[in-house]
Each structure stands twice: as structure tokens, then as C-alpha cells.
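In: Coordinates for the following, if possible.
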Amino acid sequence: MKKLAGSFQIAAVYVGTVIGAGFATGREIVEFFTRFGFVGFIAILLSGYLFITMGTKIMLKSHDIKAKSFEEFNEYLFGKWFSKIMNIVMMIMLIGVSAVMLSGAGAVFQEQLLLPKQVGILLTIGLGFITMMVGIKGLFAVNTFVVPLMIVFNLFLMVYSVRNAAFLDAFLMIPHAEDGWKSVVAPFSYVAFNLAMAQAVLVPVAGEVKDRDTIKYGGYLGGFFLTLILISSHITLVMIPNVTQYQIPMAVVMKSFVAGFYMIYIIIIYGEIFTSVIGGVFGLEKQLTNYWKGSSLMTFTGIFLVIYSLSFFEYSELLSYLYPLFGYMSLLFIILLWMKPNK
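Out: Predicted coordinates for the structure are as follows:
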């Protein structure tokens, strides 16, 4: 029983780490999968398999080599010299992801609340500085409530979509896409990107757990839940005509289908975005301490200025360009991980 509880805890950490704002808004799922129709659904199934196997392998390998941080894990994968380059690449990716999330906060205010984008961005930065003064532990505890609520809403919307008379036609449709070849690469680049970013959390967590079976089954459970969320979101999103036009497509679905829960869902989405922004900023601050010795306040201010300057770009444009690019950059990570022999 204790082993089962430990496995569920690891699964919760795995899901909470990967399920960032891109999942919550649905924009990330549209970009990688839903815009390819039924082919995108096949790609989701392959992504699910990779989340189950490769995510578990990261944690098991971390346990086996007793890695305490993702820097140590990268050194194991890439070697002592090349791992330093990869750590810098990951830092650049973290800046890009944090900028996407900050722009996403503005997009929620602009598209869903009909307020200026800058209100959402500046509010998020202001709350971010307050969080740094109060402490981050309480913030991440929010995920304990936000993630399960989001999963429940997603499954509810999926059931609502499946009961629609037009569902089967929408689900089986394969729309024309000029970059259709990306649907073949999408599962690998999507999982590679998410796992490369998630290892900052998964590696130390696996290092703290003594029982190897607990880690293994926790990884399997976490990968399964991620697959379930991807499938439920995709099934819901295929019901939106011209889904690529929306920056927050999941909110559009909620407003159309179940307007009574719309504002609650907006709060959940914003909560996911906020935790993703602050998590990224704290991760950047920890990495930057290896390169410069300024005060934490100065470092946080510098990070916020950089991601604020990038957030002027549209959320959907930033995500559409940066996430696939980071996915391709992360492919080497997942290839080397796959090549490492199992214990």
C-alpha cells in the first residue's frame, strides 16, 4: 500500500511538471496535434507511449546513477564537455518558455476577458515579485488543486463532445496542412521538448526515492495520465471550427458548451500559466547563479525584463514558432536517452 501511494505521488509530480500552460489553454495541443485531424490523434497515441517509457527511463536512470540535479543527468547523457553547452541551451529554452507563458497570461485577459493584454502581463509580473517575497512553496501547492480540477473539466468536456452528433465526422477528418510532414515528427519533438524541460524536477525527485519499483510504476502512471489528458483535450478541440484561430481554444469550448463554469475555468487556466511563469523564473535564477553572483532581486528583475520584452509578441505566434523549434533542439536528448541501456 505504501509503495502504491508513493507511485501516485511520483505520478502527480510528473503530470504537474509537464502539464504547463500550453496544456491548459489547449494551444500547444492544437499546434502539435489537433490541426492535423485524425493523423494528430495517431500522433498523440505515439506521444503517450513515449511519455510512459521515456519519462520513466529518465527517473530510473537518475535513480541508478544517483543524480541530484539535471546538470548531473545531462553530464551522464552528453559527456562532461558537451553537457555544458546543453545546459546553456536549456537556459535559453527556459527563457523562451517563460516568455510564452507571460504572453499567454496577457492573451487570457485580451481574448477571454476583453481587457488590454498589458494588464494581464503586468499583473502577472507584479504577483511574481510578491510571490518571491512571500515564498514559492505555497504557489506550487496550488497545482495540487488546479491540475485535478483541470483534468475533471477536460474529461467532462470530452464526454460532452463525444455525445455531439457531429463528433465522428470531426474526429475522423484529416484537414489539408501545407506542413503536414510535421505530424510525423510531432510526437518525438513534443515529448523531447517536454521531458527536456521536466528533467529539472524529475531528476531530483527520483534521486530521493529509494525503491526502484515505486519510481517505475509512478512513471508509468504519470505517462498514462498525460496520455489521457492529451486524448480528452484533442477530442474536445476537434469540435471547434477553425480551431487554429484561437489563442485559448479550451476556454472557447467551455464558453460554448458549459457557460456556467466558464469563469472558473478561466481562473484555472490563469493559475496554470502563473505557476508556469514563476516556476520558469525560479529555474532560471538557479541556473544563472552558476554564471554570476549578483543578488537574487537583481537576477529576478533582469529575468523579468528579458521575458517582458519578448512577451510583446502574440502568444499563439510565440508558441507556434518557439515550441516546435525547442522540440527539434531537444531531439538529441531523447535519442541519447533511448540509446542508454536499461538496467
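
In: Specify the local secondary structure of the residue sitting furthest away from the middle of the chain.
Out: Most distant from the centre of the chain: residue 165, at 31.8 Å, with distances by Cα atoms, centre = their mean. Following DSSP: H, G, I helix; E, B strand; the rest coil, the label given to residue 165 is coil.

In: and it, what does it touch?
Out: Applying Cβ atoms under 8 Å, 6 or more residues apart in numbering, we find residue 165 in contact with no residue. The C-beta positions use only the backbone N, C-alpha and C, and glycine is treated the same way.

In: How about residue 312?
Out: Counted by Cβ under 8 Å, 6+ apart, residue 312 has contacts residue 103.

In: Retrieve the pLDDT associated with the residue farthest from the centre of the chain.
Out: If you check residue 165, the pLDDT there is 80.

In: Now it: phi and psi?
Out: The phi/psi pair for residue 165 (degrees, to the nearest 10) reads phi -60, psi -30.

In: That one and residue 242, how far apart?
Out: 20 Å (Cβ to Cβ, to the nearest Å).

In: just residue 16 next, same as before
Out: Counting by Cβ to Cβ, the gap from residue 16 to residue 242 is 32 Å.

In: In terms of neighbours, single out the busier of these two.
Out: Using other Cβ atoms under 10 Å as the criterion, residue 16 and residue 242 rank with residue 16 on top: 21 against 7.

In: Can you verify my assumption that that one contacts residue 148?
Out: No - applying Cβ atoms under 8 Å as the test, residue 16 and residue 148 come out as separate, 9.8 Å apart.

In: per-residue pLDDT, residue 220?
Out: 90.

In: three-state assignment of it?
Out: Recorded secondary structure, residue 220: helix (three-state DSSP).

In: Quick one: residues contacting it.
Out: Contacts of residue 220 by Cβ under 8 Å, 6+ apart are 52, 56.

In: Next one: it from residue 8, what distance?
Out: Distance from residue 220 to residue 8, by Cβ to Cβ: 11 Å.

In: quick one: low-confidence ranges for this protein?
Out: The model of the chain has pLDDT under 70 over residues 1-2, 20-23, 134-144, 290, 294, 342-343.

In: mind listing the strands for it?
Out: Here the chain has no strands by DSSP state E.

In: what about residue 288, neighbour count?
Out: 17.

In: do the same with residue 257
Out: 16.

In: swap in residue 158?
Out: Residue 158: 20 neighbours (other Cβ under 10 Å).

In: residues in contact with the closest residue to it other than its chain neighbours?
Out: In this structure, residue 158 finds its nearest non-sequential neighbour in residue 232, 4.0 Å apart by Cβ to Cβ, 6 or more residues apart in numbering. When contacts are counted by Cβ under 8 Å, 6+ apart, residue 232 touches 154-155, 157-158.

In: how about a cut-off of 7 Å?
Out: Applying Cβ atoms under 7 Å, 6 or more residues apart in numbering, we find residue 232 in contact with 154-155, 158.

In: if we can go back for a sec, and the residue farthest from the centre of the chain, how far is that from residue 40?
Out: Separation of residue 165 from residue 40 (Cβ to Cβ): 22 Å.

In: before we move on, back to that, could you check how far the residue farthest from the centre of the chain is from residue 255?
Out: From residue 165 to residue 255 the distance is 21 Å (Cβ to Cβ).

In: Repeat that for residue 208.
Out: Relative to residue 255, residue 208 is positioned 42 Å away (Cβ to Cβ).

In: Give the intersection of the neighbour lists for residue 220 and residue 8.
Out: With contacts taken as Cβ under 7 Å, 6+ apart, not a single residue reaches both residue 220 and residue 8.

In: Could you measure from residue 101 over to residue 260?
Out: The value you get for residue 101 to residue 260, if Cβ to Cβ is used, is 28 Å.

In: More neighbours: these two, which one.
Out: Comparing residue 101 with residue 260 by other Cβ under 10 Å, the one with more neighbours is residue 101, at 29 against 7.

In: need the contact list for the more buried one.
Out: 21, 273, 276-277, 280.

In: got it, and residue 231?
Out: Residue 231 neighbours (Cβ under 7 Å, 6+ apart): residue 44.

In: Neighbour count: residue 208 and residue 255, which is higher?
Out: Counted by other Cβ under 10 Å, residue 208 and residue 255 do not tie: residue 255 has more neighbours, with 16 against 9.
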